[in-house]
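Peer 1: Okay, predicted coordinates and the sequence, questions at the end:
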Amino acid sequence: MDIFSILTLIGGLALFLYGMDLMGDGLKKLAGGKLESILARLTSTRWLGFLLGFIVTAVIQSSSATTVMLVGFVNSGIMKLGQTISIIMGANIGTTVTSWLLSLTGIEGSTSFLKLLKPESFTPILAAVGVVMTMVAKSDHKKNIGFIFIGFAVLMFGMETMSGAVEGLRENQAFTSMLTMFSNPIMGILVGTLFTAIIQSSSASVGILQALALSCVIPHSTALPVLLGMNIGTTITPVISSISGNTESKRVAVSCVYIKMIGVVIVTAAFYLIYYMTDLIDPFMDSQATVFTIAISHTLFNIISTIILMPFCGAIEKLSIKTFKSNPKAQKTDVFDTLDERFLSVPSFAVEKCRELVCDMAKISAGALDTANNLLADYSSESFSKVMETEELVDKYEDKTSTYLVKIAANNMSAKDSKVVTELLHCIGDIERISDHAVNIAKVAKEMNSKEVSFSSQAQNDIKVIMGAVTEILNLAVTSLTSEDLALAKKVEPLEQVVDRLKRKIKSNHISRLKQGDCTMELGFILSDLLTNYERIADHCSNIAVCLIEIAHDSFETHEYLKNVKESPNATFEDLYQFYKDKYSLQ
């Protein structure tokens with residue numbers, strides 16, 4: 001090969017890999033993390049897991065991506081090792097879909113129909129349509145379809161470029177001698193394993209082998225061992241991914257290796273035993289490999305090995321457990337393990353995991369307020385400690401989740417995911433502040449208990465009213481966040497204004513009691529502190545609700561929204577305000 005052919009080959013390979021990555025990225029975004037969520041939840045039986053593994057991998061076009069997700073699932077405690085074995089087997093067959101797409105380049109014939117099936121006939125149109133869709137379309141769905149079209153077109157163009165670059169090798173004696181060397185099963189498997197381990201994609205390595213088959217005379221005696229090795233090489237990705245994980249995630253990775261290696265050993269031993277002992281498959285081994293026969297062989301190997309190994313899923317699980325024995329000192333999984341960096345490659349799924357944690361965080365903060373409120377009527381050191389511990393937990397939620405959300409934001413996300421990330425980042429701070437105010441209320445209760453003071457009966461009744469209003473506004477905010485209910489979110493602001501009104505009215509009542517000698521200055525300071533915390537909680541609930549409403553309308557003009565609500569309240573707002581005003585009226 002001359003230098004020009006080598007450069008062309010490198011360029012074609014670059015385009016091929018880029019096209020595969022672009023198409024896979026578009027497919028992942030089009031799926032929107034839903035497939036991964038289904039995979040994590042619906043693997044109750046072995047065959048269902050196999051089917052889901054096949055479907056997910058066929059859609060996202062990468063068994064490596066599927067197995068890395070499984071490593072993340074097990075590492076974070078979402079799934080068990082036993083659930084992943086059948087999924088991995090399904091993924092092994094699902095990844096063969098790519099080789100069938102690439103086999104379109106091998107279509108030959110002079111009829112109009114066959115010419116239309118050749119990629120060179122329709123990929124230019126796909127590329128043009130894809131470019132227009134990505135530039136003009138407003139919805140993420142259409143843009144992602146456009147990226148899939150472009151990726152497929154680039155992928156096919158890269159494959160054709162590689163085939164053209166190596167065409168001169170057809171008559172090259174040195175290249176022919178090297179291919180003969182690879183016909184040794186052990187050598188061919190080693191080469192295929194090493195090559196695929198380097199590029200970390202069996203789909204890509206099989207595609208490159210198909211590209212070579214288009215232009216060079218590669219006998220099946222050479223192609224098959226290399227193809228078998230490529231199946232082993234693809235396991236390097238989950239192995240690398242599991243290095244930083246716990247024992248369970250390492251077991252998932254090693255189970256991937258065992259499934260591939262045992263399958264290759266059994267199929268290779270049986271195939272070559274027949275080959276060397278009979279003449280049945282001699283003509284096939286001596287014949288030239290084509291894109292179609294490579295796709296067929298790739299698929300048959302994975303189907304046969306799956307049929308053989310599927311009944312032994314339990315044995316593979318036990319073997320993986322024996323390979324990596326449990327460490328008694330190893331940390332147990334906790335809720336934050338779901339924020340696994342492996343999920344960052346699928347932003348939609350990662351965002352959903354964050355959203356679940358933020359919703360849990362909101363519920364925990366609401367629980368802290370309930371406990372703090374109860375302390376005012378019935379103080380106990382155990383409940384006080386519980387509020388303090390809860391606040392520390394909420395702080396940890398804020399730190400872990402916000403850090404992970406920033407990492408997600410650094411990735412290429414859809415507009416929908418970007419909106420959710422913005423929403424969560426804004427809500428996290430308000431949720432954390434609510435737990436801080438719950439702590440302040442608990443401290444008020446502790447102070448009153450230590451000083452052995454109590455409010456007058458009238459003050460206690462007033463506090464119960466504002467306490468009820470704040471409890472309801474917090475429940476509205478938390479429920480609207482967790483259920484994404486904008487109708488509930490719109491009820492928050494009218495109630496927030498009622499809370500403001502209650503604060504002013506209760507302070508006025510206190511001043512009246514103070515003049516009459518029914519209350520003391522000391523209790524007045526304590527009451528003011530209590531009311532301030534209740535008002536601030538209502539303000540944070542308002543911030544959460546407004547955030548949900550504004551982001552849903554592709555905006556985040558919080559102050560502008562509140563200004564419009566207060567200056568130009570509509571009939572619905574007025575009705576809600578009056579309703580809450582009557583519901584939480586002071587005696």
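Peer 2: Good, I have the coordinates.
Peer 1: Every contact and neighbour count from this point should use C-alpha atoms.
Peer 2: OK.
Peer 1: Check the gap between the most centrally placed residue in the chain and residue 205 for me.
Peer 2: Centrality entry for the chain: nearest residue to the mean C-alpha point is residue 349, 2.2 Å, by C-alpha atoms, centre = their mean. Using C-alpha to C-alpha, to the nearest Å, residue 349 is found at 28 Å from residue 205.
Peer 1: Roughly how far does the residue nearest to the centre of the chain sit from residue 360?
Peer 2: According to C-alpha to C-alpha, residue 349 stands 17 Å off from residue 360.
Peer 1: The residue nearest to the centre of the chain is in what secondary structure piece?
Peer 2: With elements taken from DSSP states H and E, the one containing residue 349 is helix 347-377.
Peer 1: tell me what that helix is packed against?
Peer 2: Helix 347-377 sits against helix 34-41, helix 381-409, helix 415-451, helix 457-483, with contacts defined as 3 or more C-alpha pairs under 8 Å, 6 or more residues apart in numbering; DSSP states H and E.
Peer 1: Tell me who's in contact with the residue nearest to residue 6 when sequence neighbours are not counted.
Peer 2: Counting by C-alpha to C-alpha, 6 or more residues apart in numbering, residue 6 lies nearest to residue 165, which is 7.1 Å off, once chain neighbours are set aside. Residue 165 makes contacts with 5-6, 8-9, as judged by C-alpha atoms under 8 Å, 6 or more residues apart in numbering.
Peer 1: isn't the residue nearest to the centre of the chain right up against residue 28?
Peer 2: No: the pair residue 349 / residue 28 is not scored as a contact, 10.0 Å apart, by C-alpha atoms under 8 Å.
Peer 1: thought residue 375 was touching residue 383?
Peer 2: Yes: between residue 375 and residue 383 there is a contact under C-alpha under 8 Å: 7.2 Å.
Peer 1: between these two, which one's more packed in?
Peer 2: Set residue 375 next to residue 383 and count neighbours by other C-alpha atoms under 10 Å: residue 375 wins out with 22 against 17.
Peer 1: So that one versus residue 9, what's the distance?
Peer 2: Taking C-alpha to C-alpha, one finds residue 375 at 74 Å from residue 9.
Peer 1: Give me the residue ranges of the stretch 251-400 of the chain where confidence is low.
Peer 2: Residue ranges of the stretch 251-400 of the chain with pLDDT under 70: 327-333.
Peer 1: Scan the helices and strands of the protein for the one with the lowest mean pLDDT.
Peer 2: Comparing helices and strands within the chain by mean pLDDT, DSSP states H and E singles out helix 112-117 as the least confident, with a mean of 57.
Peer 1: Just after that helix, pick out the following helix or strand.
Peer 2: Criterion used, DSSP H and E; the element after helix 112-117 is helix 119-136.
Peer 1: Identify each buried residue in the next helix or strand after that following helix, please.
Peer 2: Next along the chain after helix 119-136, taking DSSP H and E as the criterion, comes helix 140-165. Of all the residues in helix 140-165, those buried under the rule 16 or more other C-alpha atoms under 10 Å are 140, 142-165.
Peer 1: what does stretch 448-465 give?
Peer 2: 448-449, 455, 458-459, 462-463, 465.
Peer 1: Output the residues you listed in a markdown table; the columns should cover distance to residue 189 and pLDDT.
Peer 2: Output for those, formatted as a markdown table (distance: C-alpha to C-alpha, whole Å; pLDDT from 0 to 100):
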| residue | distance to residue 189 | pLDDT |
| --- | --- | --- |
| 448 | 77 | 90 |
| 449 | 77 | 90 |
| 455 | 83 | 83 |
| 458 | 86 | 86 |
| 459 | 83 | 86 |
| 462 | 80 | 90 |
| 463 | 77 | 91 |
| 465 | 76 | 93 |
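Peer 1: Specify which member of those residues is nearest to residue 102.
Peer 2: The closest of those to residue 102 turns out to be residue 465 (C-alpha to C-alpha; 69.9 Å).
Peer 1: Identify the spatial nearest neighbour of the closest one, chain neighbours not counted.
Peer 2: Nearest non-adjacent residue to residue 465, counting by C-alpha to C-alpha, 6+ apart: residue 584, 5.8 Å away.
Peer 1: Just the pLDDT at residue 31, thanks.
Peer 2: pLDDT for residue 31: 67.
Peer 1: Next, residue 219: phi, psi?
Peer 2: Backbone torsions of residue 219, given as degrees, to the nearest 10, read phi -70, psi 160.
Peer 1: okay, it: pLDDT?
Peer 2: 87.
Peer 1: Please give me every residue in contact with it.
Peer 2: Contacts of residue 219 by C-alpha under 8 Å, 6+ apart are 285-289.
Peer 1: Near the closest residue to it other than its chain neighbours, how many other residues are there?
Peer 2: Counting by C-alpha to C-alpha, 6+ apart, residue 219 lies nearest to residue 288, which is 4.3 Å off, once chain neighbours are set aside. For residue 288, the count of nearby residues is 17 (other C-alpha under 10 Å).
Peer 1: Brilliant, that's me finished.
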